[in-house]
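# Sequence first, then the predicted structure:
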Amino acid sequence: MSFYDSLLKPLLFKLAPETAHEIALNTLRSALSSEFLRQKIAEQLTRSPFGEIECFGLKFKNPVGIAAGFDKNAVAFNQLAALGFGFVEIGTTTFHAQSGNPKPRLFRIPTDEALINRAGFNNDGTAAVAQRLEENRYGDFVLGANIGKSKIVALEDAAQDYLNSFNLIYPFADYVVVNVSSPNTAGLRELQRANALDQLLRVLQMRNIALSGERPIKPLLIKIAPDLTQTEIEAVCEIVVNLNLAGIIATNTTVSRENLQTPAAKLEKIGAGGLSGAPLRQKSNVVIKTIRRATGGNLPIIGVGGIFTAADAFEKIAAGANLVQLYTGFVYKGFTIARDINDGLEKIFREKGFGSFQEAVGSDCQI
Ligand SMILES: Cc1cc2nc3c(=O)[nH]c(=O)nc-3n(C[C@H](O)[C@H](O)[C@H](O)COP(=O)(O)O)c2cc1C
């Protein structure tokens, strides 16, 4: 049994989930505040089993990233990188700072190895977060920034609100993600519909091109929900390819409560929110395969949803993911999860006889 399983997890799981999250994040931030310690830990936990992986023009030490929402305010991104994650995605941030939904808004459902959250983009605002990135970024790792719509801004004015965030975060992020898939901001997922999405992404991509000047254009990605139909996913893919976006992150949390072991009465008591973790695993794999087929395997995909082990990560890679991310797995498995998954992936690749990382991508999804 690991140190996390035997000691830390039982302690953290006694606390309210959001309190546990804050304590874990703050402890991580202060424990690894010194560059020296971060380097020592990084030496222990960082793996590069496939050498550098190139994806949308960036170079990743390994394919396992920490997903958006874990470090919304960019207070511990250097420390997360030191835990061996190949990339860190901060946010979601919104142009207007906001407090999010009333607490409690994060719930564990251990029977299903899952979480339900309705955080509602609680964050310090993109300007404050951009400043934090500017002042504190050390080490060499890929940093993504995830932006969303401010609650006080009407859906019709979303494009300008996203653009305001994009302008602020652009200089400090290696890639930027347009989040239109959180279930916890009223109407947000409407932006995934073809017309609205085309309009929004066009505005952002035009600004992106304008800002890039002579330099290569910054990778701009969109993060989608697992609850879209196949036709809707195909429509999203068409827009993304037409506008020459860098890729799709699949997926955010689901609003579905299907196939759970947890009693319905408990789920009802918890109420609305996005479900993450094990029950999302297959659902997000299906979305990844749909994207791969719709784009002929030519569009980079970041696969996320229910990754706890190397086998889970491999399934996503075989479905077509070029990189993977996780959040809930970190809560259930602890701070060595990136190392453990990378070690496990190396073993799986060897056993299956893949000669390179690229060979495995989409190996379970014929086009
Ligand atoms: C508490 C919590 C907060 C989250 N906040 C965000 C967020 O702010 N932006 C976002 O794009 N995704 C957010 N997510 C979704 C995750 O990034 C991820 O897409 C989802 O949880 C599925 O991955 P997992 O099963 O590994 O957790 C959040 C997830 C959780 C559990």
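Ah, there it is. None of the values given here were measured: they were computed from a predicted structure. Numbering: from 1, shown residues only.

# So residue 73 is in contact with residue 124, correct?
Yes: under the contact definition of CB atoms under 8 Å, residue 73 touches residue 124, with a separation of 4.9 Å. In short, each C-beta sits where N, CA and C put it, glycine included.

# hey, what's in contact with both of these two?
residue 93 (CB atoms under 8 Å, 6 or more residues apart in numbering).

# gap between whichever residue of the chain sits closest to the ligand and residue 249?
Of all residues in the chain, residue 69 sits closest to the ligand, at 2.1 Å by CB to the nearest ligand atom. Relative to residue 249, residue 69 is positioned 12 Å away (CB to CB, to the nearest Å).

# Which one of those two is surrounded by more residues?
Applying other CB atoms under 10 Å to residue 69 and residue 249 shows that residue 249 carries more neighbours, namely 28 against 24.

# So the more buried one, which state does it fall into?
Three-state assignment for residue 249 (DSSP: H, G, I helix; E, B strand; the rest coil): strand.

# Near the ligand, which residues of this structure are found?
The interface of the chain toward the ligand, taken as CB under 6 Å from any ligand atom, is made up of 67-69, 72, 91-92, 106, 115, 117, 119, 121, 146, 179, 182, 223, 252-253, 276-277, 280, 304-307, 326-329.

# contacting residues for the closest residue to residue 228 other than its chain neighbours?
Residue nearest to residue 228 in three dimensions, not counting chain neighbours: residue 192, with 6.4 Å by CB to CB, 6 or more residues apart in numbering. Contact analysis of residue 192 by CB under 8 Å, 6+ apart lists 180, 181, 224, 225, 228, 232, 236.

# Tell me which stretches of the stretch 151-300 of the chain form strands.
Secondary structure of the stretch 151-300 of the chain (DSSP state E, counting those that start in this stretch): strands located at 175-179, 220-224, 247-250, 274-277.

# Mean pLDDT added to those strands, as a markdown table?
As requested, these are exported to a markdown table (pLDDT from 0 to 100):
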| stretch | mean pLDDT |
| --- | --- |
| strand 175-179 | 98 |
| strand 220-224 | 98 |
| strand 247-250 | 98 |
| strand 274-277 | 98 |
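
# For the residue of the chain closest to the ligand, give me its contacts.
When the contact criterion is CB under 8 Å, 6+ apart, the partners of residue 69 are 91, 92, 117, 119, 327.

# Residue 49 too?
For residue 49, the set of contacting residues under the criterion of CB under 8 Å, 6+ apart consists of 62, 342, 343, 345, 346, 349.

# Looking at these, which are in helices?
For the contacts of residue 49, the ones inside helices are 342, 343, 345, 346, 349, with DSSP state H as the criterion.

# which of those lies closest to residue 257?
Relative to residue 257, the closest of these is residue 345; by CB to CB it sits at 30.9 Å.

# what's the burial count for that closest one?
Neighbour count for residue 345, taken as other CB under 10 Å: 26.

# That one reaches residue 313, doesn't it?
Yes: with contact defined as CB under 8 Å, residue 345 and residue 313 form a contacting pair (6.0 Å).
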